[in-house]
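Trainee: Coordinates for the following, if possible.
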Amino acid sequence: MKQIQTVWVVGAGAVGSVLAALLHKTGKAQTYLVGASPHWQKVAQDGLRFETHGQGEELLPIPTRAWDQVPPLGPTDLVLLTGKATDLAQVADNMRPKLSEGTAVFTLQNGLGVRELAGRLLGRPVEAGVAFFGARSVEPGRVVFFGPGRLVLSPGVASQALSDLLPAEDIRCEMVEDYRQAEWSKLAVNCLANPLAGLLNLTTKELTKPVLDPAKEALLAEVKAVARAEGVELELTVAKFNARLKSSNVPSLRTDVNRGRPTEIDFLNGAIVELAAKHGIPAPANQLVTSLIKALSG
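Mentor: Coordinates of the predicted model:
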């Protein structure tokens, strides 16, 4: 098994901050949060205010590093990419010179094809996972974790190392042979939750309103048709989707819209539209929300 001594969490957003906090608390490996955002700057200055929903808040002195402070990395380092897919090109430019042949790289980012894109940009194999838990960036320096959660991981040495480092009581890690199925399952959830929350300024719990079910049905039917054309059968239904939304978490796309940042819509519903065109499948609902999000965030 790969012996990881240092984890570099690259992408100081809500998910990255939660994982950095949990890794820091276990103390099994030295953990650094890498970035440059206002949130990262606040953590570097004052520490991370980390709240597990319903269990109170604690201040964690998580070590941080700016891009130019990351040293050359070796076989005992694990790079965990957790930022926005829209930032991958810039992240790759910053990290590529730091990586050696033995450095493990792992992506936990939303969207279809992100693993392949990261591999191309970094010029190396990248392992991947999808995260099933809520994380909310409340304000710079403060995040809320809606746990416990789970990670579904592609098989590999980096996946095993990450699984060994994370606290099982907070994050359950599952390695699956059919990672593509897991990737599409998470994509389907995101294609419903993210655009509707972004357009309507709703929390995940508010997305369960029955009046929204026809919109969710239309989006999901297209996602499932495209997935089927790609060789993946999805079991998700609107009823199952609604049953999963128990917290008042804020989907990341809504946060991006509210803060005037680029969204990941091209990696979510936009990717469905692109694949639908490839297979000759109509996707008017996904095209509509993609266009509306681009108009709203442009």
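
Trainee: helices and strands around the least confident helix or strand in the chain by mean pLDDT, which ones?
Mentor: None of the helices or strands of the chain scores lower by mean pLDDT, DSSP states H and E than helix 252-258, at a mean of 86. Judged by 3 or more C-beta pairs under 8 Å, 6 or more residues apart in numbering; DSSP states H and E, helix 252-258 is in contact with helix 14-26, helix 179-200, helix 284-297. Using the backbone N, CA and C atoms, a C-beta is placed for each residue, glycine as well.

Trainee: right, and the helix or strand after that helix?
Mentor: Once the chain leaves helix 252-258, the next helix or strand it forms, by DSSP states H and E, is helix 269-279.

Trainee: In CSV, could you pull the C-alpha coordinates for that next one?
Mentor: Output of helix 269-279 as CSV, limited to C-alpha atoms (Å, rounded to 0.1, in the frame of the first residue of the first chain):
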residue,chain,number,x,y,z
ASN,A,269,-26.3,20.0,-18.0
GLY,A,270,-24.2,21.4,-20.8
ALA,A,271,-22.4,18.1,-21.0
ILE,A,272,-25.8,16.4,-21.3
VAL,A,273,-26.7,18.7,-24.2
GLU,A,274,-23.5,18.0,-26.0
LEU,A,275,-23.8,14.2,-25.7
ALA,A,276,-27.5,14.4,-26.6
ALA,A,277,-26.6,16.1,-29.9
LYS,A,278,-24.0,13.4,-30.5
HIS,A,279,-26.6,10.7,-30.2
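
Trainee: quick one: low-confidence parts of the protein?
Mentor: For the chain, residues meeting the criterion pLDDT under 70 lie at 1-2, 298.

Trainee: rewinding a little: please identify the buried residues of the least confident helix or strand of the chain?
Mentor: Ser252, Leu253, Arg254, Thr255, Asp256, Val257 (16 or more other C-beta atoms under 10 Å).

Trainee: With stretch 222-242 instead?
Mentor: Using 16+ other C-beta under 10 Å as the test for burial, stretch 222-242 gives Glu222, Val223, Lys224, Ala225, Val226, Ala227, Val232, Leu234, Leu236, Val238, Phe241, Asn242.

Trainee: can you map out the helices along this structure?
Mentor: Using DSSP state H, the helices assigned to the chain run over residues 14-26, 38-46, 88-95, 114-122, 157-165, 179-200, 213-229, 238-244, 252-258, 269-279, 284-297.

Trainee: Val144 is nearest to which of the ones you listed?
Mentor: helix 14-26 (8.1 Å; C-beta to C-beta).

Trainee: what's the distance between the closest one and the middle of its chain?
Mentor: 13 Å (C-alpha atoms, centre = their mean, to the nearest Å).

Trainee: Kindly report the same for stretch 242-250.
Mentor: 16 Å.

Trainee: Run through who's touching that stretch.
Mentor: Identification of contacts with stretch 242-250 by C-beta atoms under 8 Å, 6 or more residues apart in numbering yields 53, 134-136, 144, 146, 189, 193, 197, 203-208, 213.

Trainee: For the closest residue to Cys173 other than its chain neighbours, give its distance to Gly156.
Mentor: The shortest distance from Cys173 to any non-neighbouring residue, by C-beta to C-beta, 6 or more residues apart in numbering, is to Ser163 (3.7 Å). According to C-beta to C-beta, to the nearest Å, Ser163 and Gly156 sit 10 Å apart.

Trainee: next one: Cys173
Mentor: Taken as C-beta to C-beta, the span from Cys173 to Gly156 is 12 Å.

Trainee: just Pro72 next, same as before
Mentor: 23 Å.

Trainee: Of the two, give the one with the bigger neighbour count.
Mentor: Gly156 (19 against 10; other C-beta atoms under 10 Å).

Trainee: Wait, the more buried one touches Glu127, no?
Mentor: Yes. With contact defined as C-beta atoms under 8 Å, Gly156 counts as touching Glu127 (4.3 Å).

Trainee: so what's Leu48 bridging to?
Mentor: Leu60 (DSSP bridges).
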